[in-house]
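Asks: Attaching a predicted model along with its sequence, questions to come.
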Amino acid sequence: MSFHLIIGEDDYLVGEAAKRILSAAAEKEEIDSMLSVNEESQLSDIRAADAAFSTPPFLEPSKATWWRNVGFLPQSGSKKGPSEKVKETLVAFAEKIAANPLPENQIFVISGPRLLMTSVFAKTLKGAGEVISLATAKAKEKSRDAVARAIDGAKERGFAFAPGAADAFVAAVGTDTRSIESELDKMRDYLGNGGTATRREIAEISSPGAGVETPLWELTDAVASRDAAKAVEAAARFSGESGFDVMATTILERMFRNLAELKDAMQRGEGEKAALDIYGSPWTAKKNIAAASKWTLRELRFAWGRFMNLRERAVSGALGTDNLVITEIIRAVRRAV
């Protein structure tokens, strides 16, 4: 089979699946859409993929093309997915793929994190080749699978986890396979052959992986709930770290922007739908609805603007922004505008 569509959010598993398919080809070409976030760049990538698909092997006996990280495939949700023009161009390309089967010595692979399987694009490609769906498991199943992978991976590397430590490892590192593999290698180098990883080693050695929130969530939770004492305590604890001003202003600007959007929707009677669109998880949506209830829309917009301006100052390298972050936090949580 010459055409393959791989869908999955774990880029390590997607990469392994793609490499198995591509391994036999003599000539390999990659088109990476990781940074294609606007219509112009997305259309450019589709044209490049179309050109690669339309060009058979030249000097080599076989050819493989991998169009990877295509994050703009059709998706569910009103605020997700590509523009109408990009959708139309994707469908036209899918129709071309379906109507023109590739020769045996040419392989074409498309991979992306998400795809709405009921979309015209997906339905058009369904009969054109192999569709591999590496669907993300539910949170509990995903965590359980990650713990099992961590235990097996440790055994392969010559060390073991103490009772309960594998769960702590996954909680710290995350369930992303690439992050687990990388952190297991780091733990092996630290412990040596035959060592045992305890919670203490995990706390000292392991770093947050893809999708794991930084400890700054303590700061955002305190600010969102308007708990001035906890917010200042959290900010003071992190303020000595390099890059704190940039990171804190970035996450707080985003937090206030999202809360302002949610508050506006709540006032229109559309809060629950907006919260799910913005935050995804029902639990996170419920938490932020409660947080938004503690603010007026005017307060949220005012704080959003203040942190947006402060972020620009922090990014420019201005001095003293760590202290200004704390000042703005106090201003936001205590002062009505």
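Replies: Cool, the structure landed. Residues are numbered from 1 along each chain as shown.
Asks: and Ile132, that one's in a strand?
Replies: Yes - counting by DSSP: H, G, I helix; E, B strand; the rest coil, Ile132 is part of a strand.
Asks: which strand residues sit across from the closest residue in space to it that isn't next to it in sequence in the sheet?
Replies: Excluding the flanking residues, the one nearest Ile132 by CB to CB, 6 or more residues apart in numbering is Ile6, at 4.5 Å. Heads up, the C-betas are built off the backbone N, CA and C, glycines and all. Counting by DSSP bridges, Ile6 forms beta bridges with Ser111, Ile132.
Asks: what about Ile6, distance to Leu297?
Replies: According to CB to CB, to the nearest Å, Ile6 and Leu297 sit 43 Å apart.
Asks: what's the burial count for the residue nearest to Ile132?
Replies: Ile6 has 24 neighbours, counted by other CB atoms under 10 Å.
Asks: Assess the claim that it and Ser111 are in contact.
Replies: Yes - with contact defined as CB atoms under 8 Å, Ile6 reaches Ser111; the gap is 4.1 Å.
Asks: Find the residues that touch each one of those two.
Replies: Counting by CB atoms under 8 Å, 6 or more residues apart in numbering, the common neighbours of Ile6 and Ser111 are 14, 17-18.
Asks: Out of those residues, give me the one that has the most neighbours.
Replies: Greatest neighbour count in the shared contacts of Ile6 and Ser111, by other CB under 10 Å, goes to Val14: 22 neighbours.
Asks: give me every residue that touches that residue.
Replies: Residues near Val14 by CB under 8 Å, 6+ apart: 6, 8, 68, 111, 113, 134.
Asks: Return the closest of these with respect to Ala231.
Replies: Set against Ala231, the nearest of these by CB to CB is Pro113 (33.7 Å).
Asks: Distance of that closest one relative to Ile7?
Replies: Distance from Pro113 to Ile7, counting by CB to CB: 7 Å.
Asks: Looking at those two, which is more packed in?
Replies: For Pro113 versus Ile7, the count of surrounding residues by other CB under 10 Å is larger for Ile7: 20 against 17.
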